[in-house]
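Colleague: I'll drop the sequence and a predicted model, then ask my questions.
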Amino acid sequence: MAPPEPPSDGYGDDDFDSRAADGGLFGAPADAHTAPDNWDGTHPAQKFRPHAPGSSAAAYQPRQLNIEELLEGLNDQQRAAVEHRGAPLLVVAGAGSGKTRVLTRRIAYLLGVGGATPGEILAITFTNKAAAEMKERVAELVGARARSMWVSTFHSMCVRILRNEATHLGYKSTFTIYDSADSQRLVALVAADLDLDSKRFPARSLAAQISNLKNELLDPATAAERADSDIAKVVAEVYAGYQARLKAASALDFDDLIMETVALLQVFPAVAEHYRRRFRHVLVDEYQDTNHAQYTLVKELVGGAHDAREVRAADGELVRAATSSIPAAELVVVGDADQSIYAFRGANIRNIVEFERDYPSARTILLEQNYRSTQTILSAANAVISRNPERRAKNLWTAAGNGEMIVGYVADNEHDEAAFVTKEIDRLVDEGSIRFGDVAVFYRTNSSSRAFEDVFVRMGMPYKIVGGVRFYERKEVRDALAYLRALANPADEVSLRRILNTPKRGIGDRAEAALAVYSQKEKVPFAQALASVADIPFIATRSVKAISGFNEMMDLLRADLDGGAEPADLLTSVLEKSGYTELLEISSDPQDASRLENLEQLVTVLRERVEILQGGEENFAAGAPLLAAVLEQLSLVADADSIPDSEAGMVTMMTLHTAKGLEFPVVFLIGWEDGLFPHMRALADDKELAEERRLAYVGITRSRERLYISRAVTRSTWGQPGANPASRFIQDIPEELVDWQRLAEAPDYGSGSQSWYGGGGSRSAPVSAGRFSSSGGFSGSGSSFGSGTGGSQYGESAQSRLAATGTKSTGRTGWQNSATLALAVGDRVSHDKYGLGTVIASEGVGVRATATIDFGAAGKIRLMLIGGVPLTKL
Ligand SMILES: Nc1ncnc2c1ncn2[C@@H]1O[C@H](COP(=O)(O)OP(=O)(O)OP(=O)(O)O)[C@@H](O)[C@H]1O
Ligand SMILES: [Mg+2]
């Protein structure tokens, strides 16, 4: 990740103009308190002389203070929130209304007027990056003394408290923090000890359920008491074992950080008192994404009246002393229920909705003016979010004017989409209206970035991926390419050694070293040393056997290659024969699922490259020459150093989740297709759909001036093109806001389906003509098509929705169309719930068609009606 950019603007301009994020809720907790790289403590914009750290608020004499300056550039409500003192305060408001700015200003104001010392301030943000930014902004306002404030994420804050107080809880202060991969591995071990069937109880799902329990602050004993099903009982048992093993290892997982801090404060009144005495001001950003544990933690830290009672256990032992001697800290939380996108981590919008119930004396301030976006962008965002049920309507407005229309683009495929985005960015930069650093590309799932990376690299576009690794730098991609290189060129020692024991096959470092020594001494290539393994001394019999196995596998693969196997097919057999795919498939580490997706992408890449090569002038013979040519091309693309680090900054790419809280002048939202966004999982689940819709709201509202929305008619997975219909969210955006620069070719559903298209159905007509006919945004062949098919024709029925957004299916179908799926034995399918499977029998036609499908990984064979189930043919 790039270091934070230096503050670009001076005082009062832009409190929170983050141009990047650390990409995660969890970030790196232990590092969060280090000052940002560009922290110099003496910012030129510093207007107020620092006072000595540690001096109390009362002793602090404000000098040369200009309170008006601290309140400058705030509207009345914002000002009220900044100046408010005393009772708990909730600021609720839509995106871009200055909630984060209010927090930053409030801190500066409190310090400026002597309402608090820096040490009395605890501000909680959602990412470490946001924390660094906030600290930096406050420092710009009040100078170096901002340094002793605590500004951090929940997790970083807890790490800090726990390191100080670990002995109370029986941990060493040097406790280890397990990340989610670590904790899943430990869960797997515990589950194995308990003889649990790993297919019925995958570690991933056990870990997720344990995490949910912790987010609800339920300990193993309580979880066991409350377990009302067999599964819940198993989970509670694993939970108990897991907790014991964590403790034995003096380790805490991410959820423990919060839960143990809550326990610490609840069980040790003296500790609670210490922190309550210290933190007189608690400020929380993105409050809508707090879970129950975090909510409780805030409550414990704030303290006050609710703690006026002492708590005694049944045997009369004092559990908690009354701590009413310290008045409650001043609490300010800001948030937006419409931007709650972490329900899958236990986030609960009740915390914001019921704030006034939790804190009866609370005051609420609404902010209504948006300062970030144009009216066009805001109207689109409002239209999308307004379809969510059970939400409080908001009245967000902007003085920014309508600005540019949203640009829509329907690409033929993902490359076309990436090429469009690239060209458009270049055009804007050439025009001089923006710099690369002003642009962000947001996607729903990480794997969507690959097609963009290819085009960006080819076109020399500077870019960075926030919260992820560039595609060709990923381990699994490098491993797979190393196999292919070693096959194309057996003399490639580096590649051979990389794959020798990847995946692990029992060839240790010692054996590898012995091979290397032999090859040097005998002056033979490493590959030959491998072949002569039987003659080499000091290699354990077990290793000799493993190496022979490796040789045999490579010989088989090389025979495939010599027989003219296509690179993509060769890679597929490499992954199969080496056990690489299987290892990832049976793994319960969620990251392995995305590794699998990346390998899937790589197979697609190879197919595409071959197509390009074969369409070119030169003729490559099948087999090794073709493979070598493809690999040569890829190594050019994969050379990350070829990307210039432009002064004008870099285009930022990240997932929608990571984008929360940030803003960019130009935003591209890509892959707006049902099944991709909203995610496949959400199509049949109203709750999940509502969350996806909030994600769309977050995405749209990141944009200040220009917004682009695109989708691709076909998109490839495992090298096979498939089709996704347009995202339903596209339809929610009023047509007059969008300038469709290109629409899809009309689908060919056959005559029976033509009525969906107002009787058109000409292949050259735009699919969505009826919907967008009045936008005037598209030109050419489509112009005659839309007439007479007004938008009103498309109501909300499922059929009309499909009609307005359907596309021709070429191999893969959105599952809504699964009634029309014709499945044959051997077809690979993806089921919403059961995952990947293979058809082992099929019967019947149309709506009555059934298929028996083997969902190998999930351990199930199922007979199902094809129509109406969330099934996709791959
Ligand atoms: N009163 C104001 N005058 C001028 N600009 C403002 C004002 N208030 C906020 N802004 C600017 O508007 C933008 C959005 O503000 P901010 O990021 O604080 O909003 P937010 O409510 O936290 O948004 P989100 O919900 O996305 O987190 C920022 O660029 C900020 O500097
Ligand atoms: Mg914000």
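Modeller: Arrived safely. Numbering: from 1, shown residues only. Ligands and ions are numbered 1, 2, ... in the order given.

Colleague: near ligand 2, which residues of the stretch 551-700 of the chain?
Modeller: The stretch 551-700 of the chain comes close to ligand 2 at residues residue 661, as judged by Cβ under 5 Å from the ion. C-beta: built from backbone N, CA, C; applies to glycine.

Colleague: ok, how many other residues are close to the residue nearest to residue 536 when sequence neighbours are not counted?
Modeller: What sits nearest to residue 536 in space, not counting adjacent residues and going by Cβ to Cβ, 6 or more residues apart in numbering, is residue 518, at 4.8 Å. As a burial measure, residue 518 scores 21 neighbours (other Cβ atoms under 10 Å).

Colleague: quick one, what contacts whatever residue of the stretch 1-150 of the chain ends up closest to ligand 1?
Modeller: Using Cβ to the nearest ligand atom, the single residue of the stretch 1-150 of the chain nearest to ligand 1 is residue 98, 2.9 Å away. Residue 98 is in contact with 15, 74-75, 78, 367, 369, 371, counting by Cβ atoms under 8 Å, 6 or more residues apart in numbering.

Colleague: go again using 6 Å as the cut-off
Modeller: 78, 371 (Cβ atoms under 6 Å, 6 or more residues apart in numbering).

Colleague: which strand residues sit across from the closest residue to ligand 2 within the stretch 401-550 of the chain in the sheet?
Modeller: Distances between the stretch 401-550 of the chain and ligand 2 by Cβ to the ion are smallest at residue 440, namely 15.7 Å. Judged by DSSP bridges, the bridge partners of residue 440 are residue 652, residue 667.

Colleague: tell me the contacts of it?
Modeller: 652, 664, 667 are the contacts of residue 440 under Cβ under 6 Å, 6+ apart.

Colleague: JSON lines for these, including distance to residue 494, pLDDT and neighbour count?
Modeller: Output for the contacts of residue 440, formatted as JSON lines (distance: Cβ to Cβ, whole Å; pLDDT from 0 to 100; neighbours: other Cβ atoms under 10 Å):
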{"residue": "652", "distance to residue 494": "33", "pLDDT": "91", "neighbour count": "25"}
{"residue": "664", "distance to residue 494": "40", "pLDDT": "95", "neighbour count": "26"}
{"residue": "667", "distance to residue 494": "41", "pLDDT": "98", "neighbour count": "27"}
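
Colleague: any chance of those in TSV, with distance to residue 282 too?
Modeller: Listed next are those as TSV, based on distance: Cβ to Cβ, whole Å:
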residue	distance to residue 282
652	31
664	30
667	33
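
Colleague: Of these, which is the nearest to ligand 2?
Modeller: The closest of the contacts of residue 440 to ligand 2 turns out to be residue 664 (Cβ to the ion; 13.9 Å).

Colleague: got the contact list for that closest one?
Modeller: Residues in contact with residue 664 (Cβ under 6 Å, 6+ apart) are 440, 702.

Colleague: Same question for residue 215.
Modeller: Each residue near residue 215 by Cβ under 6 Å, 6+ apart is listed here: 291-293, 346.

Colleague: Repeat the analysis, applying 8 Å as the threshold.
Modeller: By Cβ under 8 Å, 6+ apart, the residues touching residue 215 are 255, 258, 291-293, 345-346.

Colleague: What sits closest to the residue of the stretch 551-700 of the chain found nearest ligand 2 if chain neighbours are left out?
Modeller: Ligand 2 sits closest to residue 661 of the stretch 551-700 of the chain, with a gap of 4.5 Å, by Cβ to the ion. Spatial nearest neighbour of residue 661, excluding adjacent residues (Cβ to Cβ, 6+ apart): residue 130 at 5.8 Å.

Colleague: pretty sure residue 297 contacts residue 261?
Modeller: Yes - if you go by Cβ atoms under 8 Å, residue 297 and residue 261 touch, sitting 6.0 Å apart.

Colleague: Settle it for me: which of these two has more neighbours?
Modeller: residue 261 (29 against 26).

Colleague: how deep is residue 245 tucked in, by neighbour count?
Modeller: For residue 245, the neighbour count with other Cβ under 10 Å is 15.

Colleague: One more: the one 3 residues further on?
Modeller: Number of residues near residue 248 (other Cβ under 10 Å) recorded here: 8.

Colleague: ok, then the element right after the lengthiest helix in the chain?
Modeller: As assigned by DSSP state H, the longest helix anywhere in the chain is helix 590-615. Remark: after helix 590-615, the chain's next helix or strand is helix 624-638, criterion DSSP states H and E.

Colleague: so where is the stretch 251-400 of the chain shaky, pLDDT-wise?
Modeller: 305-314, 318-325 (pLDDT under 70).

Colleague: show me where it has helices.
Modeller: Applying DSSP state H, counting those that start in this stretch to the stretch 251-400 of the chain gives helices spanning 254-267, 269-278, 292-302, 350-353, 355-358, 375-385.

Colleague: can you check the stretch 101-250 of the chain too?
Modeller: Ranges of helices within the stretch 101-250 of the chain are 128-142, 154-169, 180-193, 203-215, 220-226, 230-248, based on DSSP H, counting those that start in this stretch.

Colleague: mind checking which of those is nearest residue 301?
Modeller: helix 154-169 (9.0 Å; Cβ to Cβ).

Colleague: picking up where we left off before, in a helix, the residue nearest to residue 536, correct?
Modeller: Yes - assigned with DSSP: H, G, I helix; E, B strand; the rest coil, residue 518 falls within a helix.
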